[in-house]
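Engineer: Predicted model, plus sequence, below.
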Amino acid sequence: MTQTIFTDEPAKGWIAPSIAAPFICIFLVAISSLPLDFWFESLGLLDAKGTPQGPLGFCIFLASFISIGLAVFAWLRWIEKRSLASAGLRGDLRFRRFLIGLAIGLAMMGATVATIAIAGGYRTGDLFPAFASPAALGWIGLLLASFTAQASVEEFVFRGWLFSTVMRRWNAVAAFVLTSAAFTFLHFSPGTPPLVLVMTFAFSIFACAWAQRSNSIWGVMGWHTGWNWLGGVGFDVPITGLDTGLPALIVRMVPSGPVWLNGGAEGPEGSVFTLALLIAGSLILLWPRQQGESDGSGAAPSHHRT
């Protein structure tokens, strides 16, 4: 017995076997992003390791995720022949749900950084240094748009398309595991600390749980945007190992103490506090609903079918 999520709409095309879907995902990401990466490197926007160079490089790098979204949309539309709604872009009050997710993402990142600081992982520096530079504030605003593109595409690709594809061919457990394995693989690079890989897997489990609970991806798109954006611009620390090169929007945080506490070069996402927060959040989202509880989308979260 298999399940669907988001909608019961039947696929009119070919749905890949569950074990093949993550490899198709990795292939689509590679063919749609690598040519742009080489081009951006030739322009000096990325270095040889693919790291964005300066705020302009960062904005363009994040916005280029749109090419990945278009590749997956083409697969969804012309190979699987199903709608965007069947990949999680559905439900009522979509912008409102995105904004609620955005607010939760901002709050969770802020709480994580504050907890690390209280535990001794950060020393506080200047308050609101970005406000001394109108140019920095301009880049921070552009990065909000760029992080929105990047995070929304990742949620569409992984928690929308891949998650629903695996679930249609197998079941929810397989969808959680295979989606998170593909997401972790695509965030791996040589030398990545094991704790960061575990956190990345937990990050995806949390996002999958959110998508399943809300029966859409609008909220988790907003959450991912808020989490990444505030982590990248709020505290002058790296986000996923990348540095925007801009002064902190809120307060400059100076790492102190062990790497497992403050995340070191990975930023707060490499901290044990982030891992604990994501595990706790996942458990809350996966907790069974009380009878009659609504997910706010006007439909049941998933449906069994034979």
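Structural biologist: Here it is on my side, so go on.

Engineer: Do you have the strands of the stretch 151-300 of the chain handy? List them.
Structural biologist: 251-255 (DSSP state E, counting those that start in this stretch).

Engineer: pLDDT below threshold where in it?
Structural biologist: Within the stretch 151-300 of the chain, the segments meeting pLDDT under 70 span 290-300.

Engineer: now swap in the stretch 1-150 of the chain and tell me
Structural biologist: Those would be 1-2, if you go by pLDDT under 70 across the stretch 1-150 of the chain.

Engineer: Go through the host helix or strand of Pro22 and flag the buried ones.
Structural biologist: In this structure, Pro22 is located in helix 21-42 according to DSSP states H and E. Buried positions in helix 21-42, judged by neighbour count with 16 or more other CB atoms under 10 Å: 21-22, 24-25, 28-29, 32-33, 36, 40-41. Using the backbone N, CA and C atoms, a C-beta is placed for each residue, glycine as well.

Engineer: Of those, just say which sits nearest to Pro10.
Structural biologist: Ala21 (17.4 Å; CB to CB).

Engineer: State the distance from the closest one to Phe188.
Structural biologist: With the distance defined as CB to CB, to the nearest Å, Ala21 ends up 19 Å from Phe188.

Engineer: Check Thr124 too.
Structural biologist: From Thr124 over to Phe188 the distance is 32 Å, taken as CB to CB.

Engineer: tell me which strands and helices the longest helix belonging to the chain is in contact with?
Structural biologist: Longest among the helix segments of the chain by residue count, using DSSP state H, is helix 94-118. When contacts are defined as 3 or more CB pairs under 8 Å, 6 or more residues apart in numbering; DSSP states H and E, helix 94-118 packs onto strand 122-127, helix 218-233, helix 272-286.

Engineer: Next, count neighbours for Leu197.
Structural biologist: By other CB atoms under 10 Å, the residues close to Leu197 number 14.

Engineer: What's the separation between the spatially closest residue to it that is not a sequence neighbour and Pro194?
Structural biologist: Nearest residue to Leu197, sequence neighbours excluded (CB to CB, 6 or more residues apart in numbering): Thr184, at 5.9 Å. In this view, Thr184 and Pro194 are 11 Å apart by CB to CB.

Engineer: swap in Ala130?
Structural biologist: Separation of Ala130 from Pro194 (CB to CB): 34 Å.

Engineer: Mind checking which of those two has more residues around it?
Structural biologist: Neighbours per residue (other CB under 10 Å) separate Ala130 from Pro194, with Ala130 holding more: 21 against 7.

Engineer: Quick check, the more buried one in contact with Leu143.
Structural biologist: No. Taking contacts as CB atoms under 8 Å, Ala130 lies outside contact range of Leu143: 11.1 Å.

Engineer: Which neighbours do those two have in common?
Structural biologist: Residues within reach of Ala130 and of Leu143 at once, by CB atoms under 8 Å, 6 or more residues apart in numbering, are 233, 246.

Engineer: Need the winner for burial among the helices and strands packed on helix 94-118.
Structural biologist: Of all the helices and strands packed on helix 94-118, helix 218-233 has the most neighbours on average by mean count of other CB atoms under 10 Å, namely a mean of 27.

Engineer: and that helix, what does it pack onto?
Structural biologist: Taking 3+ CB pairs under 8 Å, 6+ apart as the contact cut, helix 218-233 packs with helix 94-118, helix 134-154, helix 194-214.

Engineer: the inter-axis angle of it versus helix 134-154?
Structural biologist: Relative orientation of helix 218-233 versus helix 134-154 (axes from the mean of the first three to the mean of the last three CA atoms, to 10 degrees): 140 degrees.
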